[in-house]
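In: quick one, what's the 3D model for this:
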Amino acid sequence: MTLKDESEQLHRLLAVTDTTLARLDVEDLLFELLDRIRSVLYADTAAVLLRDGDSDELVARAACGLEEEVRQGVRVPVGTGFAGSIAKRKCPVVLDRVDSTTVANPILWEKGIRTMLGVPLLSGEDVFGVLHVGRLDHRRFTDHDAELLQVAAERVAGATLARQLAIESAAARLLERSLQPSRLPRLPGVQLAARYVTAESRLIGGDWYDAFTVPSGQLWLVVGDVAGHGLKAAVVMGRVKSPLRAYALESDSPHEALERTDHKMQHFEVGTVITVVCVVSSPPYDHFDICSAGHPPPVLAVPGHEAEFVDVAPGPPLGAIPHIARSARFIEVPKGATLLLYTDGLVEVPNQLIDDGLHKLRSAVRAADPAVVCQTVCTNSSATAPHRRHRRASHAPSPLAHRDVTRRGCPPGAARASSRDRGCRCPESAAAPGSTCSAGHPLLPAYRLRRQAGSTHGGR
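Out: Numbers count the residues shown, from 1 in each chain. Down below sits the predicted model:
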């Protein structure tokens, strides 16, 4: 049998299009593929180690004939031992002797393996894992075997990445939804509405919103956006949202809660950047304190007037600069007014000026029923227009919260911060609620809260 024939046979053996393999999780899928590889190469053992990006180590994820590696959670630093050297050199490695001088994992020589062959698993130019096989006798692996194993590695890499993406996306969607408020607060004289739109591309991001009251009767509204996307961003979202709630129980002002959340991030979430706008109001909810950490300014619509952006200083995003003192903007709100919070995806569209998106958003906001404003904003936004949805390949229900509040005097100021000024992380930061940018960041629309006449006290 020629090399070409064997390669074609291997492709067939490693096909993952059948329904049985397509339903497996990553570990079970790898086990099935390793079993097939072992039979083709007449090997006694086969194993896959995947790279842990946080620790830069290779972690045993699946094995045939070396199940102990997986059960013991073997970890090998990149550059160390047999698997580590393959990951560092990005090329096949053959061992004719397996002992403590050639491998870092004692399980390999204790198992009685005599010869080994390993190849890197690649995603483009990046190594995300290692595939290796071994024999219990002294039969050497040839260049022919190495070529076959590299063919197998390409199939394993593609199948693994596809399954990981599918599983992580499902987990991220579940986590993202679970972190949304189960219900919006119901307060006398105040109406809240929300919409949440995630990406049809399934690249889940770290956009979130929250609305809750504390024992004092204060109402807290939060909209945030974690830089990045995928399961990691969704996990960070949860690790930030929960402590912010906890700090709200101990703080009277949004800037103090954000300062404490930022301090927590600087210590435990190094390298993470988050934009947040936090709004707090006490009964009878006729004024609001607003603090922005690099987030787009809220929109305020007063009855009988055009909507305007609230002139609130956008401080640095959380996690960007340590030990930053933050401040809040105090505004009064007349009866029947609407306050809208949103993410930058609502106003940023690739190849368009940010001012265009801000103008369209401001034109769409009215002092009206919160649910109606939510729908109008989503419908009128450039980012959620049909052609935009197609270009971004993403549109689905995402969190939009609008809020109508009463405000007296104090006309809202206009603030039109650029993407750079607001600490935007992506040059094409997503489109509107329900869209994504080309990087796949999902969009979170806004809060709309309406304050009704005749309310002089708050609720829980």
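In: for the strand or helix carrying Cys278, name the packing helices and strands.
Out: Per DSSP states H and E: Cys278 is located in strand 274-281. Packed against strand 274-281 by the contact rule (3 or more C-beta pairs under 8 Å, 6 or more residues apart in numbering; DSSP states H and E) you find strand 219-229, helix 231-250, helix 254-268, strand 287-293, strand 337-341. The C-beta positions use only the backbone N, C-alpha and C, and glycine is treated the same way.
In: most packed of those?
Out: Taking mean count of other C-beta atoms under 10 Å as the contact definition, the stretch among the helices and strands packed on strand 274-281 with the greatest mean neighbour count is strand 337-341, which reaches a mean of 31.
In: helix or strand next in line after that strand, which one?
Out: Of the helices and strands lying after strand 337-341 in sequence (DSSP H and E), the nearest is helix 354-364.
In: kindly export whichever helix or strand comes after that following helix (C-alpha atoms) in CSV.
Out: Going down the chain from helix 354-364, the next helix or strand is helix 370-380, by DSSP H and E. What follows is the C-alpha trace of helix 370-380 in CSV, where atoms were taken according to Å, rounded to 0.1, in the frame of the first residue of the first chain:
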residue,chain,number,x,y,z
PRO,A,370,-40.3,51.5,27.9
ALA,A,371,-41.1,48.4,25.8
VAL,A,372,-42.0,50.6,22.8
VAL,A,373,-38.7,52.5,23.1
CYS,A,374,-36.8,49.2,23.3
GLN,A,375,-38.4,48.0,20.1
THR,A,376,-38.0,51.3,18.3
VAL,A,377,-34.3,51.5,19.2
CYS,A,378,-33.6,48.0,18.0
THR,A,379,-35.5,48.6,14.8
ASN,A,380,-34.1,51.9,13.9
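In: in the stretch 1-150 of the chain, which spans are helices?
Out: Counting by DSSP state H, counting those that start in this stretch, the stretch 1-150 of the chain has these helices, from start to end: 3-13, 19-22, 26-40, 67-71, 81-89, 106-110, 143-178.
In: re the thing from before, what angle sits between the strand holding Cys278 and helix 231-250?
Out: Between the axes of strand 274-281 and helix 231-250, defined by axes from the mean of the first three to the mean of the last three C-alpha atoms, to 10 degrees, the angle is 30 degrees.
In: let me know the angle separating strand 274-281 from strand 219-229.
Out: Orientation of strand 274-281 against strand 219-229 (the same axes, to 10 degrees) gives an angle of 170 degrees.
In: just to revisit the earlier point, which of the helices and strands packed on strand 274-281 sits closest to Ile167?
Out: helix 231-250 (8.8 Å; C-beta to C-beta).
In: against which helices or strands is the closest one packed?
Out: helix 143-178, strand 205-213, strand 219-229, helix 254-268, strand 274-281.
In: and for it, what are the contacting residues?
Out: Contact partners of helix 231-250, identified using C-beta atoms under 8 Å, 6 or more residues apart in numbering, comprise 168-169, 171-172, 175-176, 179, 204-208, 210, 212, 214-215, 218, 220, 222, 224, 226-228, 256-258, 260-261, 264-265, 268-269, 272, 274, 276, 278, 280, 318.
In: against Lys264, how distant is the residue lying closest to Phe268 once chain neighbours are set aside?
Out: Nearest-residue entry for Phe268: Arg239, 7.5 Å, with adjacent residues in sequence omitted and distances by C-beta to C-beta, 6 or more residues apart in numbering. Here Arg239 is placed at a distance of 9 Å from Lys264 (C-beta to C-beta, to the nearest Å).
In: Ala325 now?
Out: The span separating Ala325 from Lys264 equals 16 Å under the rule C-beta to C-beta.
In: circling back to that earlier point, can you lay out the helices of the stretch 1-150 of the chain as JSON lines showing distance to Gly294, mean neighbour count and mean pLDDT?
Out: Supplementary listing: those in JSON lines, determined by distance: least, C-beta to C-beta, whole Å; neighbours: other C-beta atoms under 10 Å; pLDDT from 0 to 100:
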{"stretch": "helix 3-13", "distance to Gly294": "49", "mean neighbour count": "13", "mean pLDDT": "62"}
{"stretch": "helix 19-22", "distance to Gly294": "42", "mean neighbour count": "11", "mean pLDDT": "56"}
{"stretch": "helix 26-40", "distance to Gly294": "36", "mean neighbour count": "19", "mean pLDDT": "84"}
{"stretch": "helix 67-71", "distance to Gly294": "43", "mean neighbour count": "17", "mean pLDDT": "92"}
{"stretch": "helix 81-89", "distance to Gly294": "37", "mean neighbour count": "21", "mean pLDDT": "94"}
{"stretch": "helix 106-110", "distance to Gly294": "48", "mean neighbour count": "16", "mean pLDDT": "93"}
{"stretch": "helix 143-178", "distance to Gly294": "21", "mean neighbour count": "18", "mean pLDDT": "81"}
